[in-house]
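# the following comprises the amino acid sequence and a computationally predicted model.
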Amino acid sequence: MASPLSGGIVGVLRTPTFYVETEEQRKILSTFQKHTDFIQEEVHKNKTLCFSAQAYQKQHPDKTRKGIRDADVTLGSPMILGVADGVSQIEDFGIDASLLPKDLLRHCQDLGAAQLTPGHKAGPQDKYRGPIPLLKDAFEATEDTLGSTTATLALLDNSTKIHGRPHPMIAVITVGDCQLLVLRRTQGRGSRLASVFQTEMQRIDGHAQTPLQIARINAKIDPGFHDDITVEVIEKGSAVHCVSAYEGDIIVMGTDGVFDNLFCHEVTEICNRVLQPNMKGNVPTPILRSLGQQIVAAAHAKTVRGSLGVLPDTPIGRGGKVDDTAVVVAEVVEWTKEHADEHARSRPQPDLGLFGHCCSKRDEEDVEELSEESDES
């Protein structure tokens with residue numbers, strides 16, 4: 001396994017993510033595996049819920065100048081959210097690091113739509129069996145796509161019942177060091193958002209460059225690799241959590257480029273600044289897009305020295321690290337006829353993009369324009 005290296009600007013970690021060899025991952029899977037349910041017995045209206053999601057991603061300018069490929073991929077659809085971060089070192093082997101995360105999230109989107117969409121008439125093969133089988137099936141469907149990636153998914157499951165009553169749940173599965181927060185106005189609709197759940201990063205020996213990974217590599221790179229190893233990683237090493245879902249919940253999920261540079265309380269503060277408690281109705285999608293942009297901008301700002309020449313503090317030390325940054329922000333809202341109609345029109349969708357696909361450059365430009373208009377006003 002390659003050893004972590006540092007360089008570039010003094011005080012700023014600018015190391016890539018390294019591919020972790022098969023046996024190195026396999027021997028520590030039990031360390032990372034978690035299966036936890038978070039159930040809250042509250043008065044719950046009988047509503048079917050879904051996500052209203054937007055994504056934003058932007059490569060750090062220093063990586064753009066070096067011509068390094070952005071391998072972050074996002075997924076924001078009504079029933080499933082996802083972020084995946086392709087392992088940078090894969091490029092050294094002549095493999096496009098973005099291919100596997102793109103292919104993986106495309107299949108996750110298809111499976112999530114088939115298994116979780118309310119009212120969708122699914123056959124026996126489309127029965128929802130939980131986040132681990134879904135991620136495993138998605139990986140197996142990528143067939144011959146080579147690469148290595150970390151990933152976090154959030155699935156909205158309306159089929160759960162407690163004491164015979166529907167109780168929507170968010171099922172979260174993590175492999176690696178992408179991270180997710182669930183924010184809620186715990187003191188009522190007029191209160192501030194507070195964190196009620198967050199995932200933990202899965203890193204081997206705590207190194208920021210060696211996360212647990214979903215991989216498919218040829219024998220020239222790793223003679224000991226075969227697909228069963230990655231299936232074992234998903235089944236025996238993933239962290240799975242189930243969290244009660246309530247209308248108005250805010251989900252923030254991002255790559256390590258976000259959460260290595262921002263403390264979770266800083267992400268929460270940005271959300272509270274943008275999503276004021278007096279907002280009525282669902283959060284408009286332009287505001288969700290702007291929120292994603294502001295989170296990414298704050299992550300990039302941590303790598304820049306302040307007016308006194310001091311680098312800001314981050315979860316991994318002063319100055320954080322120069323990295324690709326991608327974030328998905330979503331509100332839990334009621335599933336409506338409009339959602340059902342949109343789902344019927346959009347199936348099937350072969351490409352990736354927002355609401356089931358990768359955040360594109362055009363999406364970034366739209367948010368830039370929105371930000372400029374906001375500044376002018």
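Ah, there it is.
# who's in contact with Val233?
Val233 makes contacts with Gln25, Arg26, Leu29, Val175, Leu212, Gln213, Ile214, Ala215, as judged by CB atoms under 8 Å, 6 or more residues apart in numbering. Glycine gets a C-beta too; all of them are placed from N, C-alpha and C.
# give me the buried entries from those residues.
Gln25, Leu29, Val175, Leu212, Gln213, Ile214, Ala215 (16 or more other CB atoms under 10 Å).
# pick out the most distant pair among the residues you listed.
Leu29 and Ala215 (13.5 Å; CB to CB).
# tell me which element Pro286 is part of?
helix 285-301 (DSSP states H and E).
# same thing with Ala84?
strand 80-86.
# could you pull out the strands in the protein for me?
34-38, 49-58, 72-76, 80-86, 147-157, 161-162, 165-166, 169-175, 179-184, 194-198, 214-216, 239-244, 250-254, 325-334 (DSSP state E).
# going by residue numbers, what spans are helices in the stretch 1-150 of the chain?
22-26, 29-32, 61-65, 99-116, 131-141 (DSSP state H, counting those that start in this stretch).
# for the last one, name the packing helices and strands.
Using 3 or more CB pairs under 8 Å, 6 or more residues apart in numbering; DSSP states H and E as the contact test, the elements touching helix 131-141 are helix 99-116, strand 147-157, strand 169-175, strand 214-216, helix 227-237.
# and the strands of the chain, which one's lowest on average pLDDT?
Note on the strands of the chain: strand 34-38 shows the lowest mean pLDDT, a mean of 69.
# contacting residues around the residue nearest the centre of the chain?
Nearest to the geometric centre of the chain sits Val83, at 2.9 Å (CA atoms, centre = their mean). Counting by CB under 8 Å, 6+ apart, Val83 makes contact with 72-75, 151-152, 178, 253-255, 326-328.
# farthest pair within those?
Ala151 and Val327 (14.4 Å).
# where in this protein is the helix or strand with the lowest mean pLDDT?
helix 361-376 (a mean of 41; mean pLDDT, DSSP states H and E).
# burial of Glu269, as a residue count?
Residues near Glu269, counting by other CB atoms under 10 Å, number 15.
# in the helix holding Pro286, which residues are buried?
For helix 285-301, burial by neighbour count (16+ other CB under 10 Å) applies to 287-296, 298-300.
# closest one of these to Phe197?
Using CB to CB, Ile295 comes nearest to Phe197 of the buried residues of helix 285-301, at 17.7 Å.
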